[in-house]
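[1] Model the structure of this input:
(3 chains)
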Amino acid sequence: MKKTNRETIITAAVLLVVLIGAFALDAALPSYHIAIKVVKKACVYSLVAVSMNLLNGFTGLFSLGQAGFMLLGAYSYAVLCIPVAKRAGVYQYFDGGLVQFSLPEIFSGVLGGTVGPVVGMLCALLVGGLIAALCAYLIGLPVLRLKSDYLAIATLGFAEILRAFFQWNALGPLTNGSNLLKNYPDLGGAAAYVILVGLFIAVILLLVNSTYGRAFMAIRDDEVAAEAMGINLAHHKRLAFIISSFFAGIGGGMLAMYMGTVQALSFKSAMTYEILLIVVMGGIGSITGSVLTSFLYIASLEWLLRGLDSGTFLGISSPIFKNGFRMAIVSVIIMVVVLFFRKGIMGDRELPDLFRKKAKKEEVSGNE
Amino acid sequence: MQGLLPYLINGVSVGGQYALIAIGYTLVYGILRLINFAHGDVFMVAGLIMVYSSATMPIYLSIPLVLVLTVILGFTIERAAYKPLRTAPRMSVMISAIGVSYLIQNLAFYFTGGLPQPVTNPIPWISDNVTLFGESTKRVTLVTPFLTVALVFALVYLINNTKIGMGMRAVSKDFETAQLMGIRINSVISMTFVIGSFLAAVGAMLYFTNYPSVAITSGGMPGLKAFVAAVFGGIGSIPGAVVGAFLIGISEELIKGLGYSTFSDAFTFALLIVVLCVKPTGLFGEKVTDKV
Amino acid sequence: MKKLFALILALAMVLALAACGNSGTSGSSSGSSAPAETSSSGGAAGGTVKIGVFEPQTGDNGAGGKQEILGMQYANYVQPTVEIGGATYNVELEIVDNRTTAENGPSAAAELMNRGVSVVLGSYGSGVSMAGGAVFSEAGVPAIGVTCTNPQVTDTDVYFRICFTDPFQGTILANYAYKTLGVTTAYTLAMLGSDYDQGLVYYFSEAFKGLGGTVISEDFPEGTANFVSYINNAKAAGAGAIFAPVSTNYAQLIIEAASAQSFDGGLLGSDTWDNNMVAASTVGKDVDVVVSTFYQEGADPTFDANIKAWINSNADAKTNNGGNDIVSAVSVMGYDAYFVALEALKAAGSTEPSAVLQALPGVKYEGVSGVIEFLDSGDADRDIAYIKAANTTTGDWDFVTIQQVG
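    Prediction:
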């Protein structure tokens, strides 16, 4: 897939504009402004949606365990980053908890007060990702042998089992049982999230365009044929599952950062469904689609469509605009996309393809 | 744990409720190879309809109304959300099912205002307290298993001895061949959804007379567990689903009795994974080979 | 086709954005996002001061949240204006639904900040209050917790609260169970993953064991509907009382199961049980339900009569109150919280959130539920709780006693 210069330049320009936009938001608005919250949450959802797309869209493995891996990442981040001085308060029922160090504090001791905490937080995110990946490896041993819908329901089950363990009081010194984890630091404003998520997604993009990525897609298109071509099915499936879970774990850690508090109760199967529907609406097999839909979905749900719930929308007041109308409208839109626009917003095209389409229409169908 | 009996009685009752939902899953899966994620929500809507109808009309009107409306709902879902995707990959249909589940929950949320709707004694006789072997329980606890078994016998008769039943068996064996043999696939599939929804409605009436309120999330857990029961018993097999449901209901209550209530849900899923990995066809399921 | 769809979607978004901008400008005088800007534009002629209401209207705590809002709306009806720095301001309530759960807290809180409120009231439920607290603290807007009892809520420097806390409530109930009911073995039941439940169980158990009693604790997963086996466990353990500080919905399920299994001990509930629906669900059942709460109807007859008249004249309010005019303790607390906020605004002499934050610790207000004064921690100085019991014939709450620690 060779790109012409023009497409590359336009794509780079679009990405640059997004980045500058994020910096501008940070500079212009206070940190608690809803626009910044939306950008942050949308970034996190983009990463998680892309990680799910890697598995469901590119490899054709229908897994519904995303919330479970996010839970692992979120807890790892929170547990490793709560300042030591605040642990007694957070773990109030468990004598200050088991873990008595904080990565950002350790690193700020070594690297100084400005760089240190950031390095510490990034390390905690990576640890979260690695734990999720390790867990994915273990879970993958039995369940990856299962076919489509059985795999889906088995991974869903694993996520629920994980949640029960995290709420178990016997593990309280580590997980704080059913209680919130909080008081841990946040990385920064919208720009920090955009950069970080951009980097992770770039890594996934490189992977998709490598030989591994092509092997994944071959498995998706036809398992038997892929095996005949010499692709080791078990190995590649496991790899895709582990990589996807790694990024889901990191996404979970970032979600924890964004939310400011972590509670196992939030990571229900409904969260996985939400992400799956974002992937489907964006187009299964399109990374750009997942990112774009994440932003559209979060922005409309958290901000733009709030008027639908509170009585006045687009200047129109109506008694039907009451609590819950927003979600009802969103789910109707989802169903319309699922039924009538089965390829989603982007199909399997990426950002550069959009600009190519204007130039040469015929080539698009030949590519990818 | 002392006195096994109360836990067993409760387990059988819970199992009976799961069984009525599990049949809906197993029928649909047997024919469409689709995990109908929306089934648990159909069950919840049946509960809501019961709440509203029993508040405004006498019992001899409200019960048929619940049954009819739920059946219409199930039929509509199939026609609107699954039929257009009949030629699409299985994953699309499953996503559509998840979408429908999401839609039903959000609509129910909108119409109920997001609050649990109180159930006010819709079917008076069966929610009375009775005493069995010195243990007090509700009459519905005793009625549920018997009603479940009776309905299952009726269903098995329907499938084995009627024309539509034969159609269902043919479609579940081979979709395309059945079509070539002159079976009207769409009406058979619709019939499957009608039966599944009917049983879900009966299940909902029994289930929610036990509890004081219907919440929009009420369908989720029973739905998932009923699905596990269907897999456990061998998906596609009706007796399997019923046996699986009773086993899961009983073991769940026993786990609570042993003091591991934290893991009562987790156990169900662990069981599911073990069954899937060790014996994917379940207790009574038939071996399905994947065609290339 | 696809392009057309994408275009329409994009267009819809842009329109929606424009509409949001519009409604923002028409709603407040300056229409900007930062709270400070909106409030400073008030002027001597008197403008509008916004009080944020951060409450659940949906989810497990939706019913309780609605009753709490009811109290604030009634207070706003009684006293719709406030004197700030010599000018009369209209008070406007900005109500945002936080949907009970912690994950929706931050965005709901950010939405409130967006609307430019001077002070926030809420929330019913501690977990979501803590989740919102981080945002309030970031924005420097003071928040007054109405009935969130977990001690950690006021850890943030902007959070205050007018109700008692869990260590107090847990101890009160433990004392009541051990000394008054004469129970030596208690069984506690809490939902997995709920801060509020687990926190209260912890303090209850500590206090109960301290008195010499035995406690058996169990948790149930979210979504549990069948509590029969838990009741059987309590019976098997020989428990004289079940303490279940759970949300209203589960409270009804537990009452139902306890009655079906003819559990003959007491059912102890916390402030969440103090709800008309819970009392109504005991009608005709052989159960003893006792709860601790902030207020009992009858303690202030004039107030009761007035709010009842208001509820009866307002169909929406009556629906939100569960279809009757029983005065709920959380409504009273909501009413008091509103007036505490007004006192703080008066004392601050400005609608600036930072000024209100500074003025708040010094506020002393004699409310319907008692005298409200803040300690250094931000908690209210409260030392009494009302104990009431459900009347199984009328479905009302009967006053039992006023309990004090010590």
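
[2] Could the C-alpha coordinates of stretch B:11-21 be exported in CSV?
    Taking Å, rounded to 0.1, in the frame of the first residue of the first chain, the C-alpha atoms of stretch B:11-21 are listed here in CSV:
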residue,chain,number,x,y,z
GLY,B,11,-32.6,-23.4,44.3
VAL,B,12,-35.3,-25.4,42.5
SER,B,13,-37.4,-22.3,42.3
VAL,B,14,-34.7,-20.1,40.9
GLY,B,15,-33.8,-22.9,38.5
GLY,B,16,-37.3,-23.1,37.3
GLN,B,17,-37.3,-19.4,36.5
TYR,B,18,-34.0,-19.7,34.6
ALA,B,19,-35.3,-22.7,32.7
LEU,B,20,-38.2,-20.7,31.2
ILE,B,21,-35.7,-18.1,29.9
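
[3] contacts for it?
    Around stretch B:11-21, the neighbours that count as contacts under Cβ atoms under 8 Å, 6 or more residues apart in numbering or on different chains are B:39-40, B:43, B:137, B:140-142, B:144-145, B:147-148, B:151-152, B:199-200, B:202-203, B:206-207, B:210, B:222-223, B:225-226, B:229, B:241-242, B:245-254, C:226. For glycine as for every other residue, the C-beta is placed from the backbone atoms N, C-alpha and C.

[4] Out of those, name the ones that lie in helices.
    Residues from the contacts of stretch B:11-21 lying in helices, with DSSP state H as the criterion: B:39-40, B:43, B:140-142, B:144-145, B:147-148, B:151-152, B:199-200, B:202-203, B:206-207, B:210, B:222-223, B:225-226, B:229, B:241-242, B:245-254.

[5] Only the buried members of the residues you listed: can you turn that into a PyMOL selection?
    In PyMOL, this line selects whichever of the ones in helices among the contacts of stretch B:11-21 come out buried by 16 or more other Cβ atoms under 10 Å in any protein chain shown:
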select buried, chain B and resi 39+40+43+140+141+142+144+145+147+148+151+152+199+200+202+203+206+207+210+222+223+225+226+229+241+242+245+246+247+248+249+250+251+252+253+254
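
[6] Help me confirm that residue B:25 comes into contact with residue B:227.
    Yes - contact criterion Cβ atoms under 8 Å: residue B:25 and residue B:227 qualify, at 5.0 Å.

[7] and for these two, which residues touch both?
    Common neighbours of residue B:25 and residue B:227 (criterion: Cβ under 8 Å, 6+ apart): B:35, B:39.

[8] how much space between the nearest residue to residue A:225 once chain neighbours are set aside and residue C:255?
    Counting by Cβ to Cβ, 6 or more residues apart in numbering or on different chains, residue A:225 lies nearest to residue A:218, which is 7.2 Å off, once chain neighbours are set aside. Residue A:218 is 59 Å from residue C:255, where distance means Cβ to Cβ, to the nearest Å.

[9] Neighbour count: these two, which is higher?
    For residue A:218 and residue C:255, the more surrounded residue by other Cβ atoms under 10 Å in any protein chain shown is residue C:255, and the numbers stand at 26 against 19.

[10] which element is the more buried one on?
    Taking DSSP states H and E as the criterion, residue C:255 maps to helix C:248-260.

[11] In CSV, list the C-alpha atoms belonging to that helix.
    What follows is helix C:248-260 as a C-alpha-only set of coordinates in CSV (Å, rounded to 0.1, in the frame of the first residue of the first chain):
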residue,chain,number,x,y,z
THR,C,248,-34.0,1.4,48.5
ASN,C,249,-34.5,-1.2,45.8
TYR,C,250,-32.6,-4.0,47.6
ALA,C,251,-34.1,-3.0,50.9
GLN,C,252,-37.5,-3.9,49.5
LEU,C,253,-36.2,-7.2,48.2
ILE,C,254,-34.7,-8.1,51.6
ILE,C,255,-37.9,-7.3,53.4
GLU,C,256,-39.8,-9.5,50.9
ALA,C,257,-37.4,-12.4,51.4
ALA,C,258,-37.3,-12.0,55.2
SER,C,259,-41.1,-12.1,55.3
ALA,C,260,-41.2,-15.1,53.0
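
[12] That one and chain B in contact?
    Yes - part of helix C:248-260 sits near chain B under the criterion Cβ under 8 Å from any Cβ of the partner chain, namely C:249, C:252, C:253, C:255, C:256, C:259, C:260.

[13] Would you format those as TSV with pLDDT included?
    Supplementary listing: the residues of helix C:248-260 next to chain B in TSV, determined by pLDDT from 0 to 100:
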residue	pLDDT
C:249	83
C:252	87
C:253	88
C:255	90
C:256	85
C:259	86
C:260	82
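
[14] Just give me the closest of those to chain A.
    Within those, the smallest distance to chain A is 15.1 Å, found for residue C:249 (Cβ to the nearest Cβ).

[15] Show me what whichever helix or strand residue B:275 is part of is packed against.
    Element membership of residue B:275, judged by DSSP H and E, is helix B:264-278. Counting by 3 or more Cβ pairs under 8 Å, 6 or more residues apart in numbering or on different chains; DSSP states H and E, the packing neighbours recorded for helix B:264-278 are helix A:115-143, helix A:148-166, helix B:220-233, helix B:238-257.

[16] winner for burial among the ones you listed?
    Ranked by mean neighbour count, the helices and strands packed on helix B:264-278 are led by helix B:220-233 with a mean of 27 (mean count of other Cβ atoms under 10 Å in any protein chain shown).

[17] so where is the chain shaky, pLDDT-wise?
    Looking at chain A here, since you left the chain open. Within chain A, the set of residues satisfying pLDDT under 70 comprises A:1-4, A:310-313, A:315, A:318-320, A:356-368.

[18] actually it's chain C I care about, not the one you picked
    Segments of chain C classed as low confidence (criterion: pLDDT under 70) are C:1-46, C:406.

[19] quick one, longest strand in it?
    Taking residue count as the measure and DSSP state E as the definition, the longest strand of chain C comes out as strand C:87-97.

[20] List the pairing partners of it within its sheet, with orientation.
    Partners of strand C:87-97 in the sheet, by DSSP bridges, are strand C:48-55 (parallel), strand C:81-84 (antiparallel).

[21] Contact residues of the stretch 51-200 of chain A facing chain B?
    Contact residues of the stretch 51-200 of chain A with respect to chain B, defined by Cβ under 8 Å from any Cβ, are listed as A:56, A:60, A:62, A:142-143, A:145-150, A:152-154, A:156-158, A:160-161, A:164-165, A:167-169.

[22] By proximity to chain A, which residue of the stretch 301-406 of chain C wins?
    For the stretch 301-406 of chain C, the residue closest to chain A is residue C:316, as judged by Cβ to the nearest Cβ, at 10.7 Å.

[23] so the closest residue to residue C:79 other than its chain neighbours, which of the three states?
    If you skip the residues right next to it in sequence, residue C:79 has residue C:342 as its closest partner in space, 6.7 Å away by Cβ to Cβ, 6+ apart. Following DSSP: H, G, I helix; E, B strand; the rest coil, residue C:342 is assigned to helix.

[24] In chain B, where is pLDDT below threshold?
    Short version for chain B, where the test is pLDDT under 70: B:1-2, B:121-124, B:126-127, B:129, B:132-136, B:286-292.

[25] From chain A, how far out is residue C:206?
    In this view, residue C:206 and chain A are 9 Å apart by Cβ to the nearest Cβ, to the nearest Å.
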